[in-house]
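A.B. asks: Fold the following.
(2 chains)
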Number of protein chains: 2
Amino acid sequence: MIVACLDLEGVLIPEVWVALAKRSGIAELRRTTRDEPDYDRLMRGRLEILQKHGLGIGDIERSIEEMAPLDGARAFLDELRQRFQVILLSDTFYPFARSFMAQLGWPTLFCHDLELESDGRIVGYRLRQPDPKRKAVQALRALNFRTIASGDSYNDMSMIAEADAGILFRPPQKVRDEFPSYPVAQTFAELRAAFEHAAEKIESAGSGA
Amino acid sequence: MIVACLDLEGVLIPEVWVALAKRSGIAELRRTTRDEPDYDRLMRGRLEILQKHGLGIGDIERSIEEMAPLDGARAFLDELRQRFQVILLSDTFYPFARSFMAQLGWPTLFCHDLELESDGRIVGYRLRQPDPKRKAVQALRALNFRTIASGDSYNDMSMIAEADAGILFRPPQKVRDEFPSYPVAQTFAELRAAFEHAAEKIESAGSGA
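C.D. replies: Residues are numbered from 1 along each chain as shown, chains lettered A, B, ... in the order given. Just a heads-up that it's a prediction; the model follows:
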């Protein structure tokens, strides 16, 4: 059996911080891992901005509940789950993902926790571990699963490198240029086909389907 | 975040081999891990019986497609998935589980592969690894998840021992007697409550929710 490891933001749902920046009118929230590969630096900045503007978890959850997964994401994921075991590997936080997970049929998600005060202030965050996407793929391989990973951004590259096969989905040009060896999919139909192509290669190589 | 590790047969779906024994009238297929803790010995015997009676994967899949999850299993699982990340850990085989997974909303399942000939004969099976349920819990812990495990049988005890908390669900009396330290749930309402109780203990101990 193959486990499909899928990035979340930019693949199945919009970039949450970008969407929050739009809704809140706070332009500084627009930066993502596409702009700042150091995730910790990025996050500390974001939390400072929220605090400065007096935004707590309740405000953010209310904004997120009005958002929807990307067009076609649910159908793509439903089909993928019939062919593979699917685990979403994301650098988002569980409270931010919750309403999207409900809309996507509660797929398994590995991401991070937020530290909240009882009044709803976000006082910190707890990354589950360093390089979590790569570690998840390593763990799955140690369980003798084969793996196919797909994502769009810098923070996906170590999981893609670690997997039996990797696919870039709608990558920005600079990611595409830096990692030219991976196939690129621009639509869900192309991504589904790329997963199938990778799976057939893995299965015909024979060491476990 | 806590990952709920849940056994499949006897918890969410019927014991597939017992159900197959009933439908086929082949009484020898009735033995389960409750009777024979050595899973490899059990499986080799089962495959011999199938071969003797000329039953291939198609016959078995047709039987299984007429089966349903246990009463209340889907509702229980849906609720559990809203509270925890859920991974089903089973010693069944993917082709046997498929129709149940469709009925349960495609939860993530870690189990084993069958070796099939093109004519549908089941010529062997491939256990993913020895002691797979324990190894899965270990892998999740290495990813810094907390874990709560529940199952009904001998092959669940190593995962239950490895997890942060364990719950027996409808165990046979001899399992209950051998492992008296674990809480026992007899209904899905009790199981849901036992998960919540265990989660609150883990979360109040503080090292990660």
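A.B. asks: if we look at the longest helix seen in chain A, which residues are touching it?
C.D. replies: Across chain A, the longest stretch assigned as helix under DSSP state H is helix A:188-205. Defining contact as Cβ atoms under 8 Å, 6 or more residues apart in numbering or on different chains, one finds that helix A:188-205 is touched by A:2, A:4, A:72-73, A:75-76, A:79-80, A:83-84, A:146, A:148, A:150, A:164-165, A:167, A:169, A:183, A:185, A:209. Heads up, the C-betas are built off the backbone N, CA and C, glycines and all.
A.B. asks: For stretch A:160-173, give the mean pLDDT please.
C.D. replies: Taken as a whole, stretch A:160-173 has an average pLDDT of 97.
A.B. asks: Find out how far that stretch is from the centre of the chain, if you would.
C.D. replies: How far stretch A:160-173 lies from its chain's middle: 12 Å, per Cα atoms, centre = their mean, to the nearest Å.
A.B. asks: can you list the residues that contact it?
C.D. replies: Here stretch A:160-173 has contacts from A:2, A:5, A:7, A:10-11, A:34, A:134, A:137-138, A:141, A:146-153, A:159, A:175-176, A:179, A:182-186, A:191, A:194-195, A:198, A:201-202, using Cβ under 8 Å, 6+ apart.
A.B. asks: Show me how chain A divides into domains.
C.D. replies: A:2-12+A:70-207, A:16-65 (automatic domain parsing).
A.B. asks: Now find how far off-centre the last one is within its chain.
C.D. replies: What it means is domain A:16-65. Distance, stretch centre to chain centre, for domain A:16-65: 16 Å (Cα atoms, centre = their mean).
A.B. asks: Could you work out the end-to-end span of that domain for me?
C.D. replies: End-to-end span of domain A:16-65 (Cα to Cα, to the nearest Å): 11 Å.
A.B. asks: Next, see if that domain gets close to chain B.
C.D. replies: No: judged by Cβ under 8 Å from any Cβ of the partner chain, domain A:16-65 and chain B are separated, with a smallest distance of 13.7 Å.
A.B. asks: That domain - what's its average pLDDT?
C.D. replies: According to the model, domain A:16-65 has a mean pLDDT of 89.
A.B. asks: any idea which helix or strand comes after the helix or strand hosting A:Phe110?
C.D. replies: Secondary structure assignment for A:Phe110, by DSSP states H and E: strand A:108-116. Next in sequence after strand A:108-116, counting helices and strands by DSSP H and E, comes strand A:122-126.
A.B. asks: strands paired with that following strand, and their directions?
C.D. replies: strand A:108-116 (antiparallel) (DSSP bridges).
A.B. asks: Would you mind giving the domains of chain A as a markdown table with mean neighbour count added?
C.D. replies: Formatted as a markdown table, the domains of chain A follow (neighbours: other Cβ atoms under 10 Å in any protein chain shown):
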| stretch | mean neighbour count |
| --- | --- |
| domain A:2-12+A:70-207 | 19 |
| domain A:16-65 | 16 |
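A.B. asks: Ok, which of those comes nearest B:Ser90?
C.D. replies: domain A:2-12+A:70-207 (11.9 Å; Cβ to Cβ).
A.B. asks: starting at the chain centroid, how far to the closest one?
C.D. replies: Counting by Cα atoms, centre = their mean, domain A:2-12+A:70-207 comes out at 5 Å from the chain centroid.
A.B. asks: Which residues does stretch A:101-110 contact?
C.D. replies: A:8, A:12-13, A:68-69, A:73-74, A:77-78, A:81, A:86-90, A:94, A:97, A:128, A:132, A:136, B:78, B:81-82, B:85-87, B:105-108, B:143, B:145.
A.B. asks: Could I get the full set of strands for chain A?
C.D. replies: For chain A, the strands defined by DSSP state E occupy A:2-6, A:85-93, A:108-116, A:122-126, A:146-151, A:165-169, A:184-185.
A.B. asks: among those strands, where is the model least confident on average?
C.D. replies: strand A:122-126 (a mean of 92).
A.B. asks: CA-only coordinates of that one, as PDB, when you get a sec.
C.D. replies: Taking Å, rounded to 0.1, in the frame of the first residue of the first chain, the C-alpha atoms of strand A:122-126 are listed here in PDB:
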ATOM      1  CA  ILE A 122      -2.900  33.300  20.800                       C
ATOM      2  CA  VAL A 123       0.200  33.500  23.000                       C
ATOM      3  CA  GLY A 124       2.400  31.100  21.200                       C
ATOM      4  CA  TYR A 125       2.600  28.000  19.000                       C
ATOM      5  CA  ARG A 126       4.100  24.600  19.400                       C
END
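A.B. asks: these two touch, right, A:Gln51 and A:Gly120?
C.D. replies: No: A:Gln51 lies out of contact with A:Gly120 (Cβ atoms under 8 Å); the separation is 11.8 Å.
A.B. asks: any idea what sits nearest A:Ala185, other than its immediate chain neighbours?
C.D. replies: A:Leu191 (3.9 Å; Cβ to Cβ, 6 or more residues apart in numbering or on different chains).
A.B. asks: so how far is B:Leu29 from the one you found?
C.D. replies: Using Cβ to Cβ, to the nearest Å, A:Leu191 is found at 41 Å from B:Leu29.
A.B. asks: In contact with A:Ile148, which residues?
C.D. replies: With Cβ under 8 Å, 6+ apart, A:Ile148 has these contacts: A:2-5, A:84, A:163-167, A:195, A:198-199, A:202.
A.B. asks: Just give me the closest of those residues to B:Gly45.
C.D. replies: For the contacts of A:Ile148, the nearest to B:Gly45 is A:Ile2 (29.2 Å; Cβ to Cβ).
A.B. asks: right, and that closest one touches A:Gln85 too?
C.D. replies: Yes: between A:Ile2 and A:Gln85 there is a contact under Cβ under 8 Å: 7.5 Å.
A.B. asks: who touches both of those two?
C.D. replies: A:Phe145.
A.B. asks: what is the rounded mean pLDDT of the longest helix of chain A?
C.D. replies: 97.
A.B. asks: Once you drop chain neighbours, what's closest to A:Ala75?
C.D. replies: In this structure, A:Ala75 finds its nearest non-sequential neighbour in A:Phe188, 7.4 Å apart by Cβ to Cβ, 6+ apart.
A.B. asks: Give me the distance between the one you found and chain B.
C.D. replies: Using Cβ to the nearest Cβ, to the nearest Å, we find A:Phe188 at a distance of 17 Å from chain B.
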